[in-house]
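Trainee: structural data only, the sequence is not supplied:
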């Protein structure tokens, strides 16, 4: 949205910005971090570059497939304090199917700061190597955590690097699910005053003041969509709701016949094609497809990833 971009540019005007590029931007002609160049201040893509901030030595790598990433890790300068990456860790997913495991990060790196994982509270250490995910500052998916943060890193008097998570002010968020007619009636009676109150009291810039309203409802409820639309449409027309997302799901219908019909309406490959972008993450798409077809997943994983 133009207003959001303009607000972002005003906020960083005069600041120096160093960034790395994630997989959603890596193949784009215009990369989202590059928009920062429209404001005054120094801009640098940290990919394969060193930078120093208040005595902390940084080194960055843009997103890249696992085989290229492992080669790049061998070229990191040995005086690097903080490594900035946009990759998925095995220690986060719990599976050996992503691009990096912390034991592959050089031992001399004090801290590995990562993007890509949108969870807002992922931190840890592995064999003495510390890592932290920043979490996303904006929502890309409606099921993400609504608490957004940024990370403040500084070297304190003990000589060690300390990372503190600072909250970001975000728009109000309403998520509800209703299964029965009386639940929907009560919801529709309460949502309008709740949204109006949240909008009036939100201490955030106007461009992020309108709440998210997300409702998950059972399609078995009579005239559910018409009733919901009738109540929410005036809020949208007034600009009081940024988004209303109506997702349908048969909560109550769990009969074998219904389950069989639902399962037969979409193939596993259809679901993979919908969930995984073949152009942006071809390795992951190939892995998911092969796992779906294989009767021995343990053979697929090392063959596809760890022999590359």
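Mentor: Nice, I can see it. Note that the structure is predicted; figures quoted are calculated from it, not measured.
Trainee: and the residue nearest the centre of the protein?
Mentor: Here the mean C-alpha position of the chain is nearest to the C-alpha of residue 118 (C-alpha atoms, centre = their mean), at a distance of 3.0 Å.
Trainee: how close does the nearest residue in space to residue 22 that is not next to it in sequence get to residue 55?
Mentor: With sequence-adjacent residues excluded and distances taken as C-beta to C-beta, 6 or more residues apart in numbering, residue 22 is closest to residue 86, at 4.1 Å. For glycine as for every other residue, the C-beta is placed from the backbone atoms N, C-alpha and C. For residue 86, the distance to residue 55 under the criterion C-beta to C-beta, to the nearest Å works out to 25 Å.
Trainee: low pLDDT regions in the stretch 101-250 of the chain?
Mentor: Filtered on pLDDT under 70, the stretch 101-250 of the chain yields the residue ranges 119-121, 140, 142-143, 242-250.
Trainee: what's the burial count for residue 99?
Mentor: Residue 99 is surrounded by 25 other residues when neighbours are defined as other C-beta atoms under 10 Å.
Trainee: and what of residue 134?
Mentor: Residue 134 sits with 21 neighbouring residues when counted by other C-beta under 10 Å.
Trainee: ok, now which ones touch residue 209?
Mentor: For residue 209, the contacting residues are 171, 199, 202, taking C-beta atoms under 8 Å, 6 or more residues apart in numbering as the criterion.
Trainee: ok, now with 10 Å
Mentor: Residue 209 makes contacts with 171, 172, 198, 199, 200, 201, 202, 203, 239, 240, 242, as judged by C-beta atoms under 10 Å, 6 or more residues apart in numbering.
Trainee: and what of residue 235?
Mentor: If a contact means C-beta under 10 Å, 6+ apart, then residue 235 has 191, 192, 195, 196, 199, 210, 211, 213, 241, 244 as its contacts.
Trainee: could you give the backbone dihedrals for it?
Mentor: The main-chain torsion angles of residue 235 are listed as degrees, to the nearest 10 and equal phi -60, psi -40.
Trainee: so how far is the helix ranked longest in the chain off the chain centroid?
Mentor: Among all segments of the chain classified by DSSP state H, the helix with the greatest residue count is helix 181-201. Chain-centre distance of helix 181-201: 28 Å, with C-alpha atoms, centre = their mean, to the nearest Å.
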